[in-house]
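Novice: Predicted model and sequence below, questions to follow.
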Amino acid sequence: MLDGAVSESRYARHHILPEIGKTGQDRLGAARVLVVGAGGLGAPVLLYLAAAGVGHIGIADDDVVSLSNLQRQVLHSTSWLDQPKTYSALERLHDLNPGIDIATYPFRVGEAQAASLVHRYDLVIDCTDNLDGRYVLNRACVKARVPLLSGAISGWEGQIGLYDPVHGGPCFACVFPEVQKQRPIQTKGVVGALPGVVGATMALNAIKHIAGAGASLRGKLMLFDTLWNEQSVLNVARDGTCPVCGDIHFREKREC
C-alpha cells in the first residue's frame, strides 16, 4: 500500500471535494469491487476505479487481447496481443496505482464461479457482452445481497443501471425479465469512443455509490444515444413477483 504522504498527494483532488473528502476516500480504499469483463466497458471502469484508489479490485475475463479489441479497449495495447486480458489489465493497473490490491480470475464467470466470487465483494460491476452473463451475475448478486452495477453498449447507444433489491430497487430481471432460451452471442458494431463514455459513467457511479455522494442510480435506468446527443434517465421499479428477487427482505447485507 502507499504511504500516507504519497496517498495524500495522489488523492488530493478527492480530499478537497466535500462530497468525498478523506472519509469518502477511506471508503474507496476499503471497498472491494468485482469487475466482470475487461473489454470495452471494463477498460475505462477499471482504469478509473484504480485511479480513484478503490483498494481491492477483482477482474474476471476469459478472453485474450486481439487486434480488433484495440479500437475501443484502451486498457490493453499492441504489445499484449494474444495474452490474457486479465494479465494485461493487472500490469496496466499496477503501473497506474501500485497501492491497490488486484485479484485476477482468467475464466468465464458461469453459475458456479459467480456463486463463489460475488459474496467476497461489496459491489459487482457487469461489463459483460451478453445477456445470459448478466442474468448469471444478477442471480448471484441477489442471493449474496450485493448490489450490481450493469452497463451495456451497442452501435452508438448505451445504458447503465444499479440493481439493488436489498435496498428497495429492482434487480436486473425485474427490468429485463429472463426468457428461458439460450441467446446466441452476436458480434455487433460499436463506435470506439462509446465504451469510454458509458464506462467512465459507470465508474463515476461506482465511486459515488461507495463514497455515498450525490444521487444514486438505484431504481433508475440511464440511456445514452451518442449519435444524436441524447441522454435520458428512466424510473424503473422492483417487481414483487420477480422469480429472482421477489421474496427478498429489505435489510442490510450482513457482514461475514
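Specialist: Alright, I've got the coordinates. Numbering: from 1, shown residues only.

Novice: which residue ranges form the strands in the chain?
Specialist: Listed in chain order, the strands of the chain (DSSP state E) span 32-36, 56-60, 101-105, 123-126, 148-154, 157-163, 220-225, 230-235.

Novice: possible to save the ones you listed as TSV with mean pLDDT, mean neighbour count and distance to P170?
Specialist: To be clear about C-beta, it is placed using only N, CA and C from the backbone, and glycine gets the same treatment. Output for these, formatted as TSV (pLDDT from 0 to 100; neighbours: other CB atoms under 10 Å; distance: least, CB to CB, whole Å):
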stretch	mean pLDDT	mean neighbour count	distance to P170
strand 32-36	98	25	20
strand 56-60	98	23	24
strand 101-105	98	16	27
strand 123-126	98	27	14
strand 148-154	97	23	11
strand 157-163	98	24	6
strand 220-225	98	17	9
strand 230-235	97	10	10
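
Novice: Same list, those, but as JSON lines with distance to K188 please.
Specialist: What follows is the strands of the chain, written out as JSON lines (distance: least, CB to CB, whole Å):
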{"stretch": "strand 32-36", "distance to K188": "19"}
{"stretch": "strand 56-60", "distance to K188": "22"}
{"stretch": "strand 101-105", "distance to K188": "25"}
{"stretch": "strand 123-126", "distance to K188": "17"}
{"stretch": "strand 148-154", "distance to K188": "5"}
{"stretch": "strand 157-163", "distance to K188": "11"}
{"stretch": "strand 220-225", "distance to K188": "15"}
{"stretch": "strand 230-235", "distance to K188": "20"}
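
Novice: quick one, which of those strands is nearest to C242?
Specialist: Closest to C242 of the strands of the chain is strand 157-163 (CB to CB; 10.9 Å).

Novice: How far off centre is that closest one?
Specialist: The chain centre lies 10 Å from the centre of strand 157-163; the measure is CA atoms, centre = their mean, to the nearest Å.

Novice: hang on, the earlier thing: so which of the strands of the chain comes closest to G212?
Specialist: Once the strands of the chain are compared by CB to CB, strand 123-126 is nearest, at 12.7 Å.

Novice: For R145, see how far away the closest residue to V136 other than its chain neighbours is.
Specialist: What sits nearest to V136 in space, not counting adjacent residues and going by CB to CB, 6 or more residues apart in numbering, is A114, at 5.3 Å. A114 sits 14 Å away from R145, going by CB to CB, to the nearest Å.

Novice: Have a look at these two and say which one is more surrounded.
Specialist: A114 (23 against 18; other CB atoms under 10 Å).

Novice: Quick one: residues contacting that one.
Specialist: Going by CB atoms under 8 Å, 6 or more residues apart in numbering, A114 touches 136-137, 139-140.

Novice: residues contacting the closest residue in space to Y48 that isn't next to it in sequence?
Specialist: Excluding its sequence neighbours, the residue lying closest to Y48 (CB to CB, 6+ apart) is A203, at 3.6 Å. Neighbouring residues of A203 by CB under 8 Å, 6+ apart: 44-45, 47-49, 52.

Novice: For the residue nearest the centre of the chain, list each beta-bridge partner.
Specialist: Nearest to the mean C-alpha position of the chain, counting by CA atoms, centre = their mean, stands I125 at 2.2 Å. For I125, the beta-bridge partners under DSSP bridges are V35, L149.

Novice: correct me, but it touches L34?
Specialist: Yes. Counting by CB atoms under 8 Å, I125 does reach L34; the two are 7.0 Å apart.

Novice: circling back to that earlier point, can you tell me how far the residue nearest to Y48 is from I160?
Specialist: Distance of A203 to I160, computed by CB to CB: 10 Å.

Novice: now the helices for this structure?
Specialist: Taking DSSP state H as the criterion, the chain carries its helices at 4-10, 12-15, 21-30, 42-52, 85-96, 111-117, 131-144, 172-175, 194-211.

Novice: Angles on the backbone of L227, please.
Specialist: Main-chain dihedrals, L227, degrees, to the nearest 10: phi -70, psi -40.
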